[in-house]
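Trainee: Pasted the sequence and its predicted model underneath.
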Number of protein chains: 2
Amino acid sequence: MKEKATSFDIAHMAGVSQSTVSRALSNSPLVNKETRERVQRIAKQLNYKVDKNASNLRKQKSNTIALLLFEDPTTDDSLINPFFLNMLGSITRASAAAGYDLLVSFQNLDDDWHAEFEDSKKADGIILLGYGDYTAYRDKLAQLEEQGTHFVRWGAKDNDHPGISIGCDNYQGGYDLTRHLIQLGKKTCAFIGDAGGHAPEFLARYQGYRQALVDHGIAVDTFLRLDANSTDEAGYNATQTLLNTSSPLPEAIVCASDLIATGVLQALKENGYRVPEDVVVTGYDNISISAFTTPALTTVQQDTRLAGELLVSSLLKAINKQAVEDYLMPGELIIRESCGASQHQA
Amino acid sequence: MKEKATSFDIAHMAGVSQSTVSRALSNSPLVNKETRERVQRIAKQLNYKVDKNASNLRKQKSNTIALLLFEDPTTDDSLINPFFLNMLGSITRASAAAGYDLLVSFQNLDDDWHAEFEDSKKADGIILLGYGDYTAYRDKLAQLEEQGTHFVRWGAKDNDHPGISIGCDNYQGGYDLTRHLIQLGKKTCAFIGDAGGHAPEFLARYQGYRQALVDHGIAVDTFLRLDANSTDEAGYNATQTLLNTSSPLPEAIVCASDLIATGVLQALKENGYRVPEDVVVTGYDNISISAFTTPALTTVQQDTRLAGELLVSSLLKAINKQAVEDYLMPGELIIRESCGASQHQA
DNA sequence: GCGATTAACTCAAGCGATTCCTTACAACAT
DNA sequence: ATGTTGTAAGGAATCGCTTGAGTTAATCGC
């Protein structure tokens, strides 16, 4: 195996200095067009590639974004929430489009993640992704900020938290969904999902749900609010609880995520209830599964493609010291069979 | 914002030379235990992290794996096949466990990917992931090999291809699935999936299907073989074609992937056919959707966790110049309702 | 025609670690 | 006292590239 070529080799072959090679390869106007093309031709011939480590070391920047995916510690770690998997896909695309490499890493919220990436110069900035109770990690975020680390966080803006946030308007989504059910004539709505605050997203969805009830003069019944983290299993269990404690069954069940909703559908089916005839169900996220359940889930779609692009572009702006603002994306109501509405709406 | 500390700063504070700091931080036995601990303590205090670029440059190795995900150019690029998304998750975990960073990148098969990563010293090795017709890219793989780039490829071993492969035994999977249907009494089985060779995985599944038919004395009817790439839409369309051309309907439809199978289910439902009563359907991959379709899909599960671990560990072995062998993992038959069998089997 | 401008390069100083090669010093045997 | 180990640490040369400063030689203005 031949040694890998360096810029000196190219310089030698092209009969110019090594610095000229460097400039030529970065299309600097400081070098004559002919020389530039000659150098580039030779470089291509030798299959030469700039050594990123050397280049980064010298430039003190890595052209790399680190993506930290936080696993929900409360769920089985063998599977990632499909929603985040989609986000990962879209972030990958967006950063590639911006010419940045993407370093992906799974983290536990408890780990020492806050000092790993930008400090070691592996990345110019960090994207934080995950449901999760950032509250307990506020100090770590604060430390990131104090270190001057550039980062963006997925989630709704919370004034308590340092740093910039890109997120979906979960409150509005929960509101829209619930209002839709009310307009379909449902008088009693349960809510299944961890609204206790571990996942701020879920809490916001709950609050939207609650406000919709209030605005339409429906009393909020705390017995109709059940805890569940974002798994189908938790949804299944919560439904069993609901069936045991609440009689008659509410007319609608609003779930904090599609994953929960699938478990709910399962439990209802096993207990002989028909959806949407006996009870209507809604999810949240519009993960790929939700179009294929029976009945297909009415849900709220978060635009993961846009989200990925916004996360990346905001981070890059921050890196380049431009002003960046938090952004709250609207969710889109996706109406399918599980809510019992027949007409579709864009 | 204070400047980031370098090893010189630590050296100065600890009253030792910079080379001693470097040794102390890498736990070299060449430095006295007390000195080592003192240096490490100071480093932690200053929140010092070794500069990866400098370190990598000097060591000529990056402790990073590049994952190249090839998109199927024939499908809508906005969505990634959920199976590969799962693989991505498991590879991420496995490489993190091995202490390697993971650089993720989406590529078109047509791009210049073959010379990007290891050459520029961004990664010590490459994992190639994607369905796909590697045939047309054999020369690129060969070039990788010639450059001395370390890489592992997801997919079945093909003697035509350079490099090592980790894959699932798609032939056996297709065989098992089809035999299962035959044992359930099905006499006519269609196959939907691109068996034309674009996706070698699909071809192997088809061949297994075919052999099962032959072994049980069932004639292979080429009219019952339909083309479809791995999308639900393609499955839907193929089913329409099947309904138009084949009468009566075959007793079973074997699909090359779960995604295809969901489209098939959809089309059958819209045309008033019941699954599994009128016709049974099987998928392949056991993506998360397949447990939630109605009826739930009988399919073959590929162990993505094991696959990820094998890909990573094989690559690391190759990097360390140890012998590596191709590996063909067995698939596991997952029996659900769509094949009409009532009993479950592990 | 001569100083001033400009285009096109070359020089050389880092970037921050790693690591081979010395050196310093104490302990021990001769 | 002299030579021989062994242990701990320092010196300094890289790794391959980027970039500010310095050097030519040609072009320009008046």
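Mentor: On my side now, so go ahead. Residues are numbered from 1 along each chain as shown, chains lettered A, B, ... in the order given.
Trainee: Please give me every residue in contact with the closest residue to A:Ala204 other than its chain neighbours.
Mentor: Beyond its immediate neighbours in the sequence, the residue positioned closest to A:Ala204 (C-beta to C-beta, 6 or more residues apart in numbering or on different chains) is A:Asn170, lying 3.7 Å away. Backbone N, C-alpha and C define where each C-beta goes, glycine included. Residues in contact with A:Asn170 (C-beta atoms under 8 Å, 6 or more residues apart in numbering or on different chains) are A:Ala156, A:Glu201, A:Phe202, A:Ala204, A:Arg205, A:Gly208, A:Tyr284, A:Gly331.
Trainee: Mind doing that once more with 6 Å?
Mentor: A:Glu201, A:Ala204, A:Arg205 (C-beta atoms under 6 Å, 6 or more residues apart in numbering or on different chains).
Trainee: What count of nearby residues applies to the residue in the stretch 201-346 of chain A positioned nearest to DNA strand C?
Mentor: Distances between the stretch 201-346 of chain A and DNA strand C by C-beta to the nearest atom of the strand are smallest at A:Ile319, namely 17.4 Å. As a burial measure, A:Ile319 scores 18 neighbours (other C-beta atoms under 10 Å in any protein chain shown).
Trainee: Can you pull the phi/psi pair for the closest residue to A:Ser290 other than its chain neighbours?
Mentor: Spatial nearest neighbour of A:Ser290, chain neighbours left out: A:Leu297 (3.9 Å); criterion: C-beta to C-beta, 6+ apart. A:Leu297 adopts backbone torsions of phi -80, psi 130, taken as degrees, to the nearest 10.
Trainee: A:Ser288 is in contact with A:Leu297, correct?
Mentor: No: if you go by C-beta atoms under 6 Å, A:Leu297 and A:Ser288 don't touch, sitting 11.1 Å apart.
Trainee: When those two are compared, which one has more neighbours?
Mentor: Ranked by neighbour count (other C-beta under 10 Å), A:Leu297 and A:Ser288 place A:Leu297 first, with 31 against 22.
Trainee: who's in contact with the more buried one?
Mentor: Per C-beta under 6 Å, 6+ apart, neighbours of A:Leu297: A:Asp258, A:Ala261, A:Gly283, A:Ser290, A:Arg336, A:Ser338.
Trainee: at 10 Å what do you get?
Mentor: A:255, A:258, A:261-262, A:264-265, A:275, A:281-287, A:289-291, A:334-339, B:292 (C-beta atoms under 10 Å, 6 or more residues apart in numbering or on different chains).
Trainee: Just list whatever residues bridge to A:Ile166.
Mentor: A:Trp154, A:Tyr327 (DSSP bridges).
Trainee: residues contacting it?
Mentor: Here A:Ile166 is in contact with A:127, A:152-157, A:306-315, A:324-329 (C-beta under 10 Å, 6+ apart).
Trainee: Helices of chain A, start to end?
Mentor: Using DSSP state H, the helices of chain A run over A:7-14, A:18-25, A:33-45, A:52-59, A:82-97, A:138-147, A:170-183, A:200-215, A:232-245, A:258-270, A:304-319.
Trainee: Show me chain A divided up by domain.
Mentor: Annotated domains of chain A cover A:7-50, A:64-168+A:303-330, A:170-301+A:334-339 [automatic domain parsing].
Trainee: how much space is there between the residue nearest to A:Ser290 and A:Val254?
Mentor: 12 Å (C-beta to C-beta, to the nearest Å).
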